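**Student:** Could you look at this predicted model? Sequence included:
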Amino acid sequence: MVNQTYTTDVLVVGGGTGGTAAAIQAARRGAKTILVSEFPWLGGMLTSAGVSAPDGNELEAFQTGLWGAFLQELRHRQPGGLDNSWVSFFSYDPRIGAEIFADWVQELPNLQWFSGQVPIEVYQQGDLITGVRFADFTVTAKIILDATELGDLLALAEIPYRWGWELQSEWGEPSAPVTFSSFTKRYPVQAPTWVVVMQDFGEAIAPEIPAAPNENPSLFTGAWDGYGAKTFLNYGRLPGGRFMINWPICGNDYGEGVERLIDSEQSRREFLQESRWHSQNFARFIQNQLGRRYGLAEQLFPSPSSAFALHPYYRESRRLVGLTTVREQDILPVAGGSVASIFHDAIAKDVGVGEASGREAIAFGNYANDHHYPGVQFPLQPKSLRWGGRWTGTPFTIPYSCLIPAATDGFLVCEKNISVSHIANGATRLQPVVMGIGQAAGMAAAMCVELNCQPRDLAVRVLQAALLQDHRAKAAIFPLFNLPPNHSDWLHWQLYYLDNPQAYPASGNCPSWDKSYDSAFDKILIRESHCFQGILHHLDQQNYRFTITTPAENQGQTWQLVTLRSHINEQLQICPHDQLITVWGRQNHVGNWLLVEHLDRVQK
């Protein structure tokens, strides 16, 4: 294989969340595709980086595309279900996530995957990217996607990118700083975290976790103050008595000299070693404080130290200078509304995206903006709302043109390296968003091959229609709280708002729709749930408690009621205080909530 050259339609460099989605979607569309990854697992944040308790796009209506398909597959394969932690509605063994992605890739004969390789050189002809050289081979392609964790192709190709903060004077972002400071210099980007997984050994004594160099237990003092040790551990609880340690408060976020990640290969290795040592010392601190019942997980990740993820969870990357830049204003809810505004025709035409029609959206997220700087609380404009008995984030969209370089052809980005401000990156970086970006980028790349055009000349409306009507994993373009993807009118309303963007509702709810949709789907959910009868208590708006009367083994217990389903959300809001109701749902014991799938009132 040394010095061999492969020729393909689409080359995806990087096997993380976005790259894996992009390669699968491009190949499913029919393009001859090569995926080159550094690590033996695909999926990045969702698997090899160990963040197997993902955040965002959790509502039923937002579980579309490859993200929704991934969740469905997890539900089928994960013994005991996904209700294990309190930070996420979906926590799972990362080995199962990696297995899903590997199976999806293997079933595609036109998708070739190479692992253990990193890009060394990018080949160009003028403003056109034509190929990438790796240690053992070279790949030439019609469209090349940078899906690396840190935007490495941007640097190798000398494509303009951003790294660090923008001041408020740049775009008028309300949370951006007015001037640079020692803080912005110390943390030019968000801190990564090297996830470590710990295990409950029960009555056995876990092996002692050795101290890593420069151990300083005082860095972790107060890590779970205000939470308690049990709640702290259950934050990222995984099946099998394991705990994902990805903790921001006096925990294992590491940002000392984070600029070394893009300085040189040697300085990057130094930072990575320190980051991993930091997590080892945090795990040791946990063991010393909570006892030898807790130790490093065994036989988890495919590495000599199997409790440690294969690489850090990177929250920020080099960020492309693209045709459009997503700013904080673009992710915040409109005045009096529950959703962000969406990019207009005028914007798409102004930046030169070919034949733009409707909105430019190609993916969306709903996570609340969240930045990580060790030891520093950085205030951001709120973008949250109460929904389904809990807090969630207001949804926003990602425009296609933020994937396209300002002056380079044959190239797209599809990871955290999109054209986004440092502030807005705190919401666009989340796993489901990046998976949606990757799916859209893969679809766009394949369509550019089909149509023999450059990404900047691809009609956005054609790309949107392809995503909406994909036969394997149809992906929503517009976030609509009350329109789940299995609804018969789903495609109608998605297309309607593409053709009538001015009608997109600030509430995020489309007008009349049949709430009795897909009873077969309801029956499956009820069959997988448990039935409880009890009294519903309204504590305040969107804050529900439920005191169980039957079954007898749960009598007298009080649980928080939450739901991810829009029609259940509506039922809970109008159900009277102290009403006797019957619910079908699943108990999350660490979060002390009942996830309601079906609800009936009981007549008194």
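**Tutor:** On my side now, so go ahead. Note that the coordinates shown come from a computational prediction; the quantities given were computed from them, not determined experimentally.

**Student:** secondary structure class for Leu594?
**Tutor:** strand (DSSP: H, G, I helix; E, B strand; the rest coil).

**Student:** what about it, neighbour count?
**Tutor:** 27 (other C-beta atoms under 10 Å). Heads up, the C-betas are built off the backbone N, CA and C, glycines and all.

**Student:** Assess the claim that it and Gly585 are in contact.
**Tutor:** Yes - judged on C-beta atoms under 8 Å, Leu594 makes contact with Gly585 at a distance of 4.5 Å.

**Student:** lowest-pLDDT helix or strand in this structure?
**Tutor:** Within the chain, confidence by mean pLDDT, DSSP states H and E is lowest for helix 345-351 among all helices and strands, at a mean of 39.

**Student:** residue ranges for the helices of the stretch 351-500 of the chain, please.
**Tutor:** With DSSP state H, counting those that start in this stretch as the criterion, the stretch 351-500 of the chain has helices at 425-428, 431-451, 460-468, 490-499.

**Student:** So for Gly80, which of those helices sits nearest?
**Tutor:** Of all those, it is helix 431-451 that lies closest to Gly80, at 21.4 Å by C-beta to C-beta.

**Student:** In that closest one, which residues are buried?
**Tutor:** Of all the residues in helix 431-451, those buried under the rule 16 or more other C-beta atoms under 10 Å are 431-449.

**Student:** which stretch among the helices of the stretch 351-500 of the chain comes nearest Ala335?
**Tutor:** Per C-beta to C-beta, nearest to Ala335 of the helices of the stretch 351-500 of the chain: helix 425-428, 18.5 Å.

**Student:** Residues touching that closest one, excluding its own?
**Tutor:** With C-beta atoms under 8 Å, 6 or more residues apart in numbering as the test, helix 425-428 has contacts from 190, 315-316, 319, 326, 331, 365, 367-371, 380, 383, 393, 396, 398, 416, 418, 420, 433-434.

**Student:** can you check stretch 209-228 too?
**Tutor:** Contacts of stretch 209-228 (C-beta under 8 Å, 6+ apart): 231-232, 235, 247, 249-251, 274, 276-278, 280-288, 295-296.

**Student:** phi, psi of Val189?
**Tutor:** The phi/psi pair for Val189 (degrees, to the nearest 10) reads phi -140, psi 170.

**Student:** got the contact list for it?
**Tutor:** 163-164, 258, 315-317, 422 are the contacts of Val189 under C-beta under 8 Å, 6+ apart.

**Student:** Restricted to buried residues, select the residues you listed in ChimeraX.
**Tutor:** Buried residues among the contacts of Val189 (16+ other C-beta under 10 Å), as a ChimeraX selection:
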select :163,258,315,316,317,422
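
**Student:** Just give me the closest of the contacts of Val189 to Gly202.
**Tutor:** Using C-beta to C-beta, Arg315 comes nearest to Gly202 of those, at 33.8 Å.

**Student:** Just the pLDDT for the closest one.
**Tutor:** For Arg315, the model assigns a pLDDT of 98.

**Student:** Am I right that it is in a helix?
**Tutor:** No - using three-state DSSP, the assignment for Arg315 is coil, not a helix.

**Student:** Just want to check the distance between it and Val118.
**Tutor:** In this view, Arg315 and Val118 are 20 Å apart by C-beta to C-beta, to the nearest Å.

**Student:** ok, back up a step: so which of the contacts of helix 425-428 are in strands?
**Tutor:** Applying DSSP state E to the contacts of helix 425-428, the entries found in strands are 319, 365, 393, 396, 398.

**Student:** Closest one to Val132 out of those, please.
**Tutor:** Distances from Val132 to the ones in strands among the contacts of helix 425-428, taken by C-beta to C-beta, are shortest for Arg319, at 20.1 Å.

**Student:** right, and Gly50 touches Ser303 too?
**Tutor:** No - using C-beta under 8 Å, Gly50 makes no contact with Ser303, being 11.0 Å away.

**Student:** which residues do the two both contact?
**Tutor:** Leu310.

**Student:** between those two, who's got more neighbours?
**Tutor:** Taking neighbours as other C-beta under 10 Å, Gly50 and Ser303 compare with Gly50 leading, 29 against 15.

**Student:** which residues does that one contact?
**Tutor:** Gly50 sits next to 94, 195-197, 244, 246, 301, 308-310, 313 when contact means C-beta under 8 Å, 6+ apart.

**Student:** Can you tell me which of those residues end up in helices?
**Tutor:** Secondary structure assignment by DSSP state H places Pro94 of the contacts of Gly50 in helices.

**Student:** Can I get the contacts of Gly50 in a markdown table including neighbour count and distance to Ala141?
**Tutor:** Formatted as a markdown table, the contacts of Gly50 follow (neighbours: other C-beta atoms under 10 Å; distance: C-beta to C-beta, whole Å):
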| residue | neighbour count | distance to Ala141 |
| --- | --- | --- |
| Pro94 | 27 | 30 |
| Val195 | 28 | 32 |
| Val196 | 27 | 37 |
| Val197 | 26 | 36 |
| Met244 | 26 | 36 |
| Asn246 | 24 | 35 |
| Phe301 | 25 | 31 |
| Phe308 | 23 | 33 |
| Ala309 | 29 | 29 |
| Leu310 | 20 | 26 |
| Tyr313 | 24 | 29 |
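
**Student:** Select only the buried ones of the contacts of stretch 209-228 in PyMOL?
**Tutor:** With 16+ other C-beta under 10 Å as the criterion, this PyMOL line picks the buried residues out of the contacts of stretch 209-228:
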select buried, resi 232+235+247+249+250+251+274+276+277+278+280+281+282+283+284+285+286+287+295+296
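
**Student:** Sort out for me which of the contacts of stretch 209-228 are in helices.
**Tutor:** 231-232, 274, 276-278, 280-288.

**Student:** Nearest to Ser341 among the helices of the stretch 351-500 of the chain would be which one?
**Tutor:** helix 490-499 (12.8 Å).

**Student:** Which residues belonging to the closest one are considered buried?
**Tutor:** Neighbour count says helix 490-499 has 490, 493-495, 497-498 buried, by 16+ other C-beta under 10 Å.

**Student:** For these, work out which two are farthest apart.
**Tutor:** Pairwise across those, and taking C-beta to C-beta, the largest span is found between Trp490 and Leu498, at 13.0 Å.

**Student:** ok, now which ones touch Val420?
**Tutor:** Taking C-beta under 8 Å, 6+ apart, one finds 319, 325-326, 402, 428 in contact with Val420.
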